[in-house]
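Chemist: For reference, the sequence and a predicted model appear below.
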Protein chains: 2
Amino acid sequence: MRNKVYVSELRVPFAEVELADGNAPVRLYDTSGPTDFEQLPRKDWVAARAAAGLPVTQLQCARADIVTPEMEFIAIREGLPAEVVRAEVEAGRAVIPANIHHPELEPMIIGSRFLVKINANIGTSAVTFDVAEEVEKMRWATRWGADTVMDLSTGPSIHATREAIIRASAVPLGTVPIYQALEKVKGDPLKLTWEIFRDTVIEQAEQGVDYMTVHAGVLLAHVPLAADRVTGIVSRGGSIMAAWCLARHEENFLYTHYRELCEIFARYDITFSLGDGLRPGSIADANDAAQFAELRTLGELTSIAWEYGVQVMVEGPGHVPMHKIKENVDLQQELCHSAPFYTLGPLTTDIAPAYDHITSAIGAAMIAMYGTAMLCYVTPKEHLGLPNRDDVKAGVIAYKIAAHAADLAKGHPTAQAWDDALSKARFEFRWQDQFNLSLDPETARSYHDETLPAEPAKTAHFCSMCGPKFCSMKISHDLKEYAAQGMRAKSAEFVSSGGQVYLPVVAG
Amino acid sequence: MRNKVYVSELRVPFAEVELADGNAPVRLYDTSGPTDFEQLPRKDWVAARAAAGLPVTQLQCARADIVTPEMEFIAIREGLPAEVVRAEVEAGRAVIPANIHHPELEPMIIGSRFLVKINANIGTSAVTFDVAEEVEKMRWATRWGADTVMDLSTGPSIHATREAIIRASAVPLGTVPIYQALEKVKGDPLKLTWEIFRDTVIEQAEQGVDYMTVHAGVLLAHVPLAADRVTGIVSRGGSIMAAWCLARHEENFLYTHYRELCEIFARYDITFSLGDGLRPGSIADANDAAQFAELRTLGELTSIAWEYGVQVMVEGPGHVPMHKIKENVDLQQELCHSAPFYTLGPLTTDIAPAYDHITSAIGAAMIAMYGTAMLCYVTPKEHLGLPNRDDVKAGVIAYKIAAHAADLAKGHPTAQAWDDALSKARFEFRWQDQFNLSLDPETARSYHDETLPAEPAKTAHFCSMCGPKFCSMKISHDLKEYAAQGMRAKSAEFVSSGGQVYLPVVAG
């Protein structure tokens, strides 16, 4: 059985899994959001800070040695000291995306010392849109473990869709403001101006958007570097800005007005997600000159944002073969002064449309192990269409797997206890505990029930793989008893004798 | 459109994908098997070798500097010189599982210099069995790309099931003979004897089984090392032999009679798959003393098999967190003298039953990149039940992705052309080509059609993600034209000037 519990007066949520046979309950990180938003205390924290004349952004607070309630909340959530949270934010190695106008937020942190986070993209398009459906996708994504949600809507009703999502969302909401700005100029990139973009950012800032992707690193001089690629520029934001720069032969206005943008972001504590507009869209284009030229610029932009006390994360690819993944993290960490890396996958091969949640979960797990702080999910519909409810779930689950596999590999202090609890339940034939501890209890239970549906099978000391007559798990239990009776002494003797395990091979 | 084509008089199969707009067709490795087994020439090759008094095993032939027709066939299939095939077999770094009684075989090779292979497990159990269904699973698995199939049947009708599968199978068939031996003693491991096992091996050898898993490395002295594990012994074969050893306090009869086994295997050219009976069954148990003690013994057994001219591969885990994966390959390659490694996944976390094709595809891709030659698939039903048709397909596709991602990372000479062809098709809006080049054309097509079903959408220069008004791919094409007109010169100038891409940030 899974219950939602709240810890401390900060109301830090956890999913608590009750276990059978005297095993201690397990508390899991919980992103699913409250049923009653009124009870969330963040609006009081923001108000109290304002009343006391304290700094606005989490970064500014961290520098002033202030541990904010958001940081304390996160410390409990992550099982780490609050001072670690503050120090990582101060150093720019972690961000807490938390617009002052998003009181519904349950604060979370993105940084390589913390649990790896995942983002789910949702949003309407010109071809298909429905506001209620997008809110439901947000709820669905966070139910399965999305740590943030990005609203990438491009069609009509952008403002209303976003408003509905934010007011219902306990996770940070990210956007790509250039998409809405483009709608305002009826889809013609050449009509975009700094003023239209700025006003769009302010409109979204007032609504409570917590982080925004800004493609300020796509410089006029970078664009020709992408001309000979197999797949050109695949980032929508990147191609919009590239088109603008080339057509007008002017420098990207996001770059030339970047300091003004920093001033706006600082007023709301919006976190930059510096977009990788020149990310590779195929294996052939990975780690090329265009991509890395932009990354250098993103490093420069990171430092400038920090001057204003604005938090920054940096976006990364995309499509990268496995042997080129580590270089992406190493270079990003070096050039961007250890700001958190936030990557889309990467997909490790191009040959499996309809399965890109898997091609990219491989790359995502690896890039997270190497230090990437947040993973933007990819759904089975990538390259083919917009994700529906099932696709959102498939993407989130694949990415929770990637993120958790990386947490294990990085040795996050709370990660392995979850695996151990599930494996112990498995070994002890506590089927219900095994299901309840699963990332997706419903599906695990239904798969088991396909071959052994009866309720007694849930307590049976066998499963359908081997059947009742022979079961390796059962034999292991016998071995364990046998060992308890006498082999343990022999084992110690064996180990102390140097562990020599070779016996002569007797022929014949 | 995909067509099956045969190359050379050896009848080497490929799936040829015709492409539009003058693009050259792409030939893909094909495991789906012929419709007419009579046309396969292998029975003549085996007969000719016997008539000429040549050695029986591929390893013996390789040592005698003979390039067998099987090796020539494989050279064409892999796009590598036949001499490379022979030399790798001679060195023991690659195996060609090919029982002389399996004339239906289309030969394939397993070794780290070649394309990474995948195996699909099928088989009946005491709870669920149906011979025709298992044959159909084999056909289904190879249709989607399984390079070998293992029949792990444990219930009744084992002999008949296996016979039906082999006679219909163009891929090597593997078995775990101890399962059938256990059936012969009505499921009581303590009644197992060398003689019963030997007779079972011969029975299967006569049918044409190409490789057999033998748990000869589970020594009496190793077993206590597993006593304190979280999940004990999870390999069925391993637990059978451990139970036998402990109950009788005798050494494993597979170990003491191993040289007799080598003599039998040499007569049929059966390849050893040295089983890892003590592989870890959870993250907590990975890379422990029990696992590595057995691995040392498997290294010893590898050398002994080679004395008899018998080919060997070595099985590996299982459940391993990402940061412990590389050690598994490095140690196996060192201790087992570079014999091919054949791993089950590994699963990189325990928390996702119902998604273990994904948890393990991550580990499989990584372990293959580090040098593992064959990956045993894991289906979504792992730990929960027996895979049905959909599960088999899901497992095979996930593992084809892992294997191909590793081929790319290792730089196999033919690997990237596939990705490039698909990405080029994607960039040029050749939707049908993109689908036909996909690992699973049907699913890719159906996902696309969910939002844009009309036939004209297949040639449309946009998709449902952005809609017709704005499309990043389209903008990239415009950029490409623009670049062709003048930016290319500028680009060259830019690069030759040292690639300086920084412009001053203008405030205000």
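Modeler: Now that the structure is in, tell me what you want to look at.
Chemist: Is any residue of the helix or strand hosting residue A:392 near chain B?
Modeler: In this structure, residue A:392 sits in helix A:389-410 according to DSSP states H and E. Yes: using CB under 8 Å from any CB of the partner chain, helix A:389-410 reaches chain B at A:397-398, A:400-402, A:404-406, A:408-410. (C-beta placed from N, C-alpha, C; glycine too.)
Chemist: centroid residue for chain A?
Modeler: The centre of chain A sits closest to residue A:118, judged by CA atoms, centre = their mean, with a distance of 1.4 Å.
Chemist: and that residue, which of the three is it?
Modeler: Following DSSP: H, G, I helix; E, B strand; the rest coil, we place residue A:118 in the strand state.
Chemist: pretty sure it is touching residue A:377, no?
Modeler: Yes: using CB atoms under 8 Å, residue A:118 is in contact with residue A:377, at 5.7 Å.
Chemist: before we move on, what SS does residue A:384 have?
Modeler: coil.
Chemist: Report the contact partners of it.
Modeler: Applying CB atoms under 8 Å, 6 or more residues apart in numbering or on different chains, we find residue A:384 in contact with A:353-354, B:444, B:447-448, B:463.
Chemist: what number of residues lie near residue A:440?
Modeler: 21 (other CB atoms under 10 Å in any protein chain shown).
Chemist: Do I have it right that it meets residue A:143?
Modeler: No: Residue A:440 is beyond contact range of residue A:143, at 10.6 Å (criterion: CB under 8 Å).
Chemist: Relative to chain B, how far out is residue A:250?
Modeler: Look at residue A:250 and chain B: by CB to the nearest CB, to the nearest Å, they are 11 Å apart.
Chemist: how much space is there between that residue and residue A:138?
Modeler: Counting by CB to CB, to the nearest Å, the gap from residue A:250 to residue A:138 is 37 Å.
Chemist: So these two - more neighbours on which side?
Modeler: A count of neighbours by other CB under 10 Å puts residue A:138 above the other of residue A:250 and residue A:138, at 26 against 11.
Chemist: Does residue A:5 belong to a helix, a strand or coil?
Modeler: strand.
Chemist: right, I mislabeled it, should have said residue A:310
Modeler: In three-state terms, and counting by three-state DSSP, residue A:310 is coil.
Chemist: and what of residue A:254?
Modeler: Classified using three-state DSSP, residue A:254 is helix.
Chemist: cool, and residue A:331?
Modeler: Using three-state DSSP, the three-state assignment for residue A:331 comes out as helix.
Chemist: rewinding a little: so of the contacts of residue A:384, which two are at opposite extremes in space?
Modeler: Based on CB to CB, the longest span within the contacts of residue A:384 runs between A:354 and B:463 and measures 13.6 Å.
Chemist: What residues does the nearest residue to residue A:318 once chain neighbours are set aside make contact with?
Modeler: Setting aside the residues directly before and after it, residue A:318 is nearest to residue A:279 in space (CB to CB, 6 or more residues apart in numbering or on different chains), at 3.7 Å. Neighbouring residues of residue A:279 by CB under 8 Å, 6+ apart: A:234-235, A:238, A:291, A:315-318, A:344.
Chemist: next one: phi and psi at residue A:279?
Modeler: Main-chain dihedrals, residue A:279, degrees, to the nearest 10: phi -60, psi 150.
Chemist: now the helices for the stretch 251-400 of chain A?
Modeler: Taking DSSP state H, counting those that start in this stretch as the test, the helices found in the stretch 251-400 of chain A are A:253-256, A:258-268, A:289-307, A:325-335, A:356-369, A:389-410.
Chemist: hey, which of the ones you listed is tucked in deepest?
Modeler: helix A:356-369 (a mean of 30; mean count of other CB atoms under 10 Å in any protein chain shown).
Chemist: to the chain's geometric centre, what's the distance from that helix?
Modeler: 12 Å (CA atoms, centre = their mean, to the nearest Å).
Chemist: Ok, stretch A:62-80 next?
Modeler: Distance, stretch centre to chain centre, for stretch A:62-80: 19 Å (CA atoms, centre = their mean).
Chemist: Give me the contacts around it.
Modeler: A:7-8, A:10, A:12, A:29, A:41-42, A:45, A:49, A:54-55, A:58, A:61, A:81-87, A:89-90, A:96, A:98, A:106-109, A:113-115, A:309, A:413-414.
Chemist: Just the buried subset of the residues you listed, written out for ChimeraX, thanks.
Modeler: The buried subset of the contacts of stretch A:62-80, as determined by 16 or more other CB atoms under 10 Å in any protein chain shown, is captured in ChimeraX by this line:
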select /A:10,12,29,42,45,49,55,58,61,82,84,85,86,87,89,90,96,98,106,107,108,109,113,114,115,309
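Chemist: quick one on the thing from earlier: can you say which of the helices of the stretch 251-400 of chain A is nearest to residue A:3?
Modeler: Of the helices of the stretch 251-400 of chain A, nearest to residue A:3 by CB to CB is helix A:389-410, at 19.8 Å.
Chemist: Check which helices and strands the closest one is in contact with.
Modeler: Contacting helix A:389-410 under the criterion 3 or more CB pairs under 8 Å, 6 or more residues apart in numbering or on different chains; DSSP states H and E are the following elements: strand A:117-122, helix A:131-144, helix A:356-369, strand A:374-376, helix A:415-427, helix B:356-369.
Chemist: Reformat these as JSON lines; add mean pLDDT and distance to residue B:266.
Modeler: Formatted as JSON lines, the helices and strands packed on helix A:389-410 follow (pLDDT from 0 to 100; distance: least, CB to CB, whole Å):
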{"stretch": "strand A:117-122", "mean pLDDT": "96", "distance to residue B:266": "52"}
{"stretch": "helix A:131-144", "mean pLDDT": "94", "distance to residue B:266": "53"}
{"stretch": "helix A:356-369", "mean pLDDT": "98", "distance to residue B:266": "39"}
{"stretch": "strand A:374-376", "mean pLDDT": "98", "distance to residue B:266": "50"}
{"stretch": "helix A:415-427", "mean pLDDT": "96", "distance to residue B:266": "40"}
{"stretch": "helix B:356-369", "mean pLDDT": "98", "distance to residue B:266": "29"}
